[in-house]
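Colleague: This is the structure alone, sequence omitted:
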């Protein structure tokens, strides 16, 4: 900037000052470059993960992947039973978790709000939200698998539902809090009972947001591996019996990727691509619908 | 007189719905508490046999021998902490750099796409990071990175001990790096939100005084949001401690205490994932559940602290 020359200070001070400024700017440039390089490096690495995943996964995508069940080592096959198992367990788990989570979130946002109890529930819910999922597997093992005496799809569903509930509670609460109180008051002024205000005003206003939460829960649950390892286990064959172990994509990917057989590893890549595509699609859909709401 | 005529009319089923609905929502909210209570009590009850047999020494006993039915949590516990620390040492500076870039430097039109991309990457299941680490990073580490580390850092005093042994790729160091990659998107997006919540006035005043970009972030934005930043780091640490699949693929599952970061090791979650279904004695199962209890206590503490810190900032940023 061409500001008029400041009253001239003694020369030595000026020099020291200039050196300081130069040093500060040099440091600033250095840190700027470092952070730029870090961002580039991370984005490139993460991009590389997606590219290798796509490159390796696409080679496994063929009709048999969706039509045949997991093969014994050394022979051709697909992932049909695992895809089916994942779909079934994920959808039942979210179908159970959605009403539970929405109701609990409703209690927090509509009734309890800032009460001590609500704070506690909120805090516990947040801890559950990021608790290690393998612990939830252990819990379900202790409660369901031990008492039933065998691994089963039901146990896997229970574990996935417990993972999904906190996500839905959180988003439901957040979305209901965004609904302005004047809407509720308007309803109440017409003599509408509270439950009716909630179900036909609050829910309607927050519908898209709540659905976003449910979608995000589906996305999160469909990639979970650890809690299924000792609940639903795995099954080599096509099975629709929820009382028996059931194949599912994440556990199959784990077992096949760790195996020494080339065919199995290829299937593992194929499964990984399927899961990632599904999870990213769900996230993008959730994001788009949430954006439409906010605008 | 109006009283007596109105009473029956007010007792309509519509009025009855209110306590019912409230009760229902209350019940499900309590269910959330019940789940946590259930988890804690099941873990404690099922790990009693292990603690009865080994006492509190279970936690610091380094012996893990299914053949002799002797179990101690020390090796997996150290492995858990070690890998999580490596992840944080790498992940935190990178997250900070990225958040710095995104909030201060990035051109506006590029900000949203990068932020969204990072948030999407945070949603990628951890098994994907694991499988990528196993098939892509292990060979690279085995052939290039680890030999280089051994020849350059290996001969140094003190830190040289961390880089000894054959370069086999699989090991504690690689597990830590995969973990770092996995928590990076998450920590970055929380940090970015915390930074973005710093009032623009503060930032602009600092720029107005002639501060450089770095000085604004280091001396104004960071001090203002330090509580939230620590919260973000704690949440990342909580994830790193409990992460299973990304680690299980690449850590090698060896119950051996080794100073070298290049040696295979194990973490609590990797031990659980690898051994739980193979546990054939009740004591073995109970010891594994006791491991789970130790892990839960550790992560609960870290997550609770992280949550508390994030709640205290105006920007809760806690969209985990």
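Modeller: Sure thing, it's come through. Because the structure is a prediction, the values reported are computed rather than measured.
Colleague: make it CA atoms for all contacts and neighbour counts henceforth
Modeller: Noted.
Colleague: Where does pLDDT dip in the stretch 1-150 of chain A?
Modeller: Across the stretch 1-150 of chain A, the ranges flagged by pLDDT under 70 are A:1-13.
Colleague: What of chain B?
Modeller: In the prediction, chain B carries residues with pLDDT under 70 at positions B:1-15, B:312-320.
Colleague: quick one, longest helix in it?
Modeller: If you go by DSSP state H, chain B has its longest helix at helix B:13-54.
Colleague: So whichever helix or strand comes after that helix, near chain A or not?
Modeller: Proceeding N to C from helix B:13-54, the next assigned helix or strand is helix B:74-100, under DSSP states H and E. Yes - with Cα under 8 Å from any Cα of the partner chain as the criterion, chain A is reached by helix B:74-100 at B:94, B:97, B:98, B:100.
Colleague: Adding neighbour count, write these out as JSON lines.
Modeller: Below are the residues of helix B:74-100 next to chain A laid out as JSON lines (neighbours: other Cα atoms under 10 Å in any protein chain shown):
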{"residue": "B:94", "neighbour count": "25"}
{"residue": "B:97", "neighbour count": "21"}
{"residue": "B:98", "neighbour count": "31"}
{"residue": "B:100", "neighbour count": "27"}
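Colleague: CSV for those, including distance to residue A:56?
Modeller: Formatted as CSV, the residues of helix B:74-100 next to chain A follow (distance: Cα to Cα, whole Å):
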residue, distance to residue A:56
B:94, 28
B:97, 31
B:98, 29
B:100, 34
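Colleague: List just the nearest of those to residue B:139.
Modeller: Ranked by distance to residue B:139 (Cα to Cα), these are led by residue B:94 at 23.9 Å.
Colleague: which residue ranges form the helices in the stretch 101-250 of chain B?
Modeller: Using DSSP state H, counting those that start in this stretch, the helices of the stretch 101-250 of chain B run over residues B:108-123, B:126-132, B:138-140, B:146-152, B:172-196, B:200-208, B:213-215, B:222-224, B:226-242, B:245-251.
Colleague: Equivalent analysis for chain A, please.
Modeller: According to DSSP H, the helices that chain A contains are A:11-58, A:63-67, A:80-106, A:116-130, A:133-140, A:146-148, A:153-178, A:181-189, A:194-197, A:203-222, A:226-229, A:249-257, A:262-294.
Colleague: Let me know the angle separating the first one from helix B:108-123.
Modeller: Spelled out, it's helix A:11-58. In terms of direction (axes from the mean of the first three to the mean of the last three Cα atoms, to 10 degrees), helix A:11-58 departs from helix B:108-123 by 50 degrees.
Colleague: Mind checking if helix A:11-58 is in reach of chain B?
Modeller: Yes - using Cα under 8 Å from any Cα, we find that helix A:11-58 touches chain B at A:24-25, A:27-28, A:31-32, A:34-36, A:38-39, A:42, A:46, A:49, A:52-53.
Colleague: now the last one
Modeller: Yes - Helix A:262-294 lies within reach of chain B by Cα under 8 Å from any Cα, at A:272, A:276, A:279, A:280, A:283, A:284.
Colleague: Quick check: of the residues you listed, which lies closest to residue B:296?
Modeller: residue A:279 (26.8 Å).
Colleague: show me what contacts the closest one?
Modeller: By Cα atoms under 8 Å, 6 or more residues apart in numbering or on different chains, residue A:279 lies in contact with A:219, A:220, A:222, A:223, B:123, B:124, B:125.
Colleague: near chain A at all, stretch B:33-51?
Modeller: Yes - residues of stretch B:33-51 contacting chain A under Cα under 8 Å from any Cα: B:33, B:35, B:36, B:38, B:39, B:42, B:43, B:46.
Colleague: Can you say which of those residues are buried?
Modeller: The neighbour count (16 or more other Cα atoms under 10 Å in any protein chain shown) marks B:33, B:35, B:36, B:38, B:39, B:42, B:43, B:46 as buried among the residues of stretch B:33-51 next to chain A.
Colleague: The residue sitting nearest the centre point of chain B and residue B:133: what is the separation?
Modeller: The centre of chain B sits closest to residue B:239, judged by Cα atoms, centre = their mean, with a distance of 1.1 Å. According to Cα to Cα, to the nearest Å, residue B:239 and residue B:133 sit 18 Å apart.
Colleague: How about residue A:38?
Modeller: Distance of residue A:38 to residue B:133, computed by Cα to Cα: 20 Å.
Colleague: and the buried ones among the residues of stretch B:33-51 next to chain A, which two are the farthest apart?
Modeller: The distance between the two most remote of these (Cα to Cα) is 19.9 Å, for B:33 and B:46.
Colleague: ok, back up a step: got TSV for the helices of chain A, with distance to residue B:190 too?
Modeller: Formatted as TSV, the helices of chain A follow (distance: least, Cα to Cα, whole Å):
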stretch	distance to residue B:190
helix A:11-58	16
helix A:63-67	38
helix A:80-106	22
helix A:116-130	14
helix A:133-140	21
helix A:146-148	39
helix A:153-178	16
helix A:181-189	29
helix A:194-197	34
helix A:203-222	17
helix A:226-229	25
helix A:249-257	27
helix A:262-294	17
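Colleague: can you tell which of these is closest to residue B:119?
Modeller: Residue B:119 lies closest, by Cα to Cα, to one member of those: helix A:262-294, at 9.4 Å.
Colleague: Show me which positions of the closest one end up buried.
Modeller: For helix A:262-294, the neighbour count (16+ other Cα under 10 Å) marks A:263-276, A:278-280, A:282-284, A:286-287, A:290 as buried.
Colleague: can you check stretch B:181-201 too?
Modeller: Neighbour-count burial for stretch B:181-201, counted by 16+ other Cα under 10 Å, picks out B:181-198.
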